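1. I would like the atomic coordinates for the input below:
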Amino acid sequence: MARSSARAEEYDDHQEKEISPDGVTSNSILKMLSEISEKLDALKETLASHSLSSTRPSIESSDVEGQMDAVRSIIVPRKSDDEILQECMDGLNAIEYMDPQLYAKGFRLLHYSDTFKKMFILVPQQRKRDLIEHY
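-> Sure thing, here's the model as predicted:
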């Protein structure tokens, strides 16, 4: 029995002596591959236990809109209602040659429609009159 274990050690020593051109032994390569394989197996188990698909919540359009509003508020600072109203009224008052009926129409649109306010602010000053006339 001692003889067979001595042969096994001699075989292991012989294997260790087989050195590749890079100076790496075949046993060290096998050890590294074994360690890598064990780490991959552990990683696979971790990923399986923390599966993204099973914990992913369903996304509704209202959630997306809420998230987009949050992003916009960070990127583009929101103006207060008073600031928006002041900007709209400045734009309305800057329109030249407004007859009273068209001015009143613009005033009503700014009062009742948040969408119109946003468009009115974004439209160039020379187009604001056309926007009121044709809205």
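
2. give me the number of residues near Leu102?
-> Close neighbours of Leu102, defined as other CB atoms under 10 Å, add up to 15. To be clear about C-beta, it is placed using only N, CA and C from the backbone, and glycine gets the same treatment.

3. give me the low-pLDDT residue ranges for the protein?
-> 1-24, 50-66, 68-77 (pLDDT under 70).

4. kindly recompute the last result at 90.
-> 1-82, 85, 97, 114, 135 (pLDDT under 90).

5. show me what the lengthiest helix in it is packed against.
-> For the chain, the helix with the greatest residue count under DSSP state H is helix 26-49. Applying 3 or more CB pairs under 8 Å, 6 or more residues apart in numbering; DSSP states H and E, we find helix 26-49 packed against helix 2-17.

6. quick one: contacts of the host helix or strand of Gln126?
-> Assessed by DSSP states H and E, Gln126 sits inside helix 125-134. Under the criterion CB atoms under 8 Å, 6 or more residues apart in numbering, residues Gly91, Leu92, Ala94, Ile95, Met98, Leu102, Lys105, Gly106, Leu109, Met119, Phe120, Val123 lie in contact with helix 125-134.

7. from those residues, list the buried ones, please.
-> Neighbour counting with 16 or more other CB atoms under 10 Å marks Gly91, Leu92, Ile95, Met98, Gly106, Leu109, Phe120 as buried within the contacts of helix 125-134.

8. looking at those residues, which is nearest Asn27?
-> Phe120 (78.5 Å; CB to CB).

9. got the contact list for the closest one?
-> Cys88, Gly91, Leu92, Leu109, Leu110, Lys128, Leu131.

10. swap the cut-off to 6 Å and go again
-> Under the criterion of CB atoms under 6 Å, 6 or more residues apart in numbering, the neighbours of Phe120 are Cys88.

11. what kind of secondary structure is it in?
-> For Phe120, the secondary-structure state derived from DSSP: H, G, I helix; E, B strand; the rest coil is helix.

12. and it, how far is that from Gln86?
-> Taking CB to CB, to the nearest Å as the measure, Phe120 falls 13 Å from Gln86.
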